[in-house]
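J.: sequence and computational prediction follow.
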Amino acid sequence: MSIQKTLLVSETYTTESGFVFKEFELSYHSWGRLNKNGDNVILIFHALTGDSNAEEWFHGFFDQESPIDLDQHYVLCINTPGSCYGSTGPQSQNPQTKKAYGPDFPVLGIRDIVHMEQYLLNHLQINSIQCAIGGSMGGMIALEFALIDPRIKRAFLMAMGKAHTAWSIGLSHLQRQAIYQDPHWMSGWYTADAPPSQGLSLARQIGMMTYRSPKDYETKFGRDIREITNHPYYQVESYLDYQGQKLNKRFDALSYERLTRSMDTHDISRDRGSFKEVGKQLTIPIHVVGILSDALYPISEQEDLAQLLPNGQFTALDSPYGHDAFLIEFDQLTQILSRFLATT
């Protein structure tokens, strides 16, 4: 059974870009109980359009086969600031104007996200984190956390690299361009009469083409036709349209635009020296999982990251599901995580 809460941080925080929050909120879910020493913590980070209810989308890590034991561990997942699931984001009220931040909401760097989330760890009096776990954007946050916060004792990173590459930035750019074509893209959930964002729907469809693999799409859809009117309407087209409409019902276009830019800031070497120099600072055990069929973050990125780490480990996950395999292949992932957490 999870507990969902929201912390109001009544302190000023200035982002890397110079934007000043007079206060902000952090929404989170937790499972289990924090022990007296505050050191039995498993910290989980969600992906781009995820939320803090990790049990729903990371269900395999909450099963009996998982090494995460809710009788022993305190599991914590924080909704990323900038999102639209409870933490302060574009649709939240600006306490100074009493109106939604809207387009005034800044792009939060991955480091900003870490610094803001640290307020919750301090509030909960967490002294040590046994493992930080994340995939995709969540992995970027977990990696940056490991660099910034000495409470992280080990990290389990999936489907991301040491920095957002030109390939990934370019794909995010295409999704943002789709959003920008919609004249209503800035009027998300914070205006009651705002129409659905067709730009967000198209952005999601572009994203879905990078989340799975050609083999997976061919197996699931092939050249199957849903219906024929003036021309064939293929099953894959129907699937993509459905995914776009589905996200439109639960997410905000401005949050999507801002968070993709947050991901673009991911670069552990920025203002710190070379990747090699920064990697040497990460002496804790870190296991990096790459997915052989991942087109969004090719497996070479995870291999490269693992090689930078003095105490790094690497596993190549064989899956037809592409990037999304880190949300699907729990039989393999729980075994890898179990071995990793068992090592000293």
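T.: Alright, I've got the coordinates.
J.: how close does the spatially closest residue to residue 222 that is not a sequence neighbour sit to residue 63?
T.: Leaving aside its sequence neighbours, residue 222 sits nearest to residue 235 (C-beta to C-beta, 6 or more residues apart in numbering; 7.8 Å). Bear in mind the C-beta positions are built from the backbone N, C-alpha and C, glycine included. Using C-beta to C-beta, to the nearest Å, residue 235 is found at 31 Å from residue 63.
J.: when these two are compared, which one has more neighbours?
T.: Ranked by neighbour count (other C-beta atoms under 10 Å), residue 235 and residue 63 place residue 235 first, with 17 against 12.
J.: the more buried one against residue 219, yeah?
T.: No - between residue 235 and residue 219 there is no contact under C-beta atoms under 8 Å: 11.8 Å.
J.: who's in contact with residue 21?
T.: Going by C-beta atoms under 8 Å, 6 or more residues apart in numbering, residue 21 touches 12-15, 88.
J.: give me the element the spatially most central residue of the chain is part of.
T.: The C-alpha lying nearest the average C-alpha coordinate of the chain belongs to residue 47 (C-alpha atoms, centre = their mean; 2.1 Å). For residue 47, there is no host helix or strand (DSSP states H and E).
J.: separation between the residue lying closest to it once chain neighbours are set aside and residue 19?
T.: Nearest residue to residue 47 in three dimensions, chain neighbours excluded: residue 136, at 4.3 Å (C-beta to C-beta, 6+ apart). Distance, residue 136 to residue 19, using C-beta to C-beta: 25 Å.
J.: comparing these two, which residue is more hemmed in?
T.: residue 136 (25 against 15).
J.: ramachandran angles for the more buried one?
T.: Backbone torsions of residue 136, given as degrees, to the nearest 10, read phi 60, psi -130.
J.: got any ranges where the stretch 151-300 of the chain has weak pLDDT?
T.: Applying pLDDT under 70 to the stretch 151-300 of the chain flags the ranges 187-194.
J.: can you give me the strands for it?
T.: 155-158, 225-228, 232-234, 286-291 (DSSP state E, counting those that start in this stretch).
J.: any chance of JSON lines for those, columns distance to residue 131?
T.: Below are the strands of the stretch 151-300 of the chain laid out as JSON lines (distance: least, C-beta to C-beta, whole Å):
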{"stretch": "strand 155-158", "distance to residue 131": "6"}
{"stretch": "strand 225-228", "distance to residue 131": "44"}
{"stretch": "strand 232-234", "distance to residue 131": "43"}
{"stretch": "strand 286-291", "distance to residue 131": "9"}
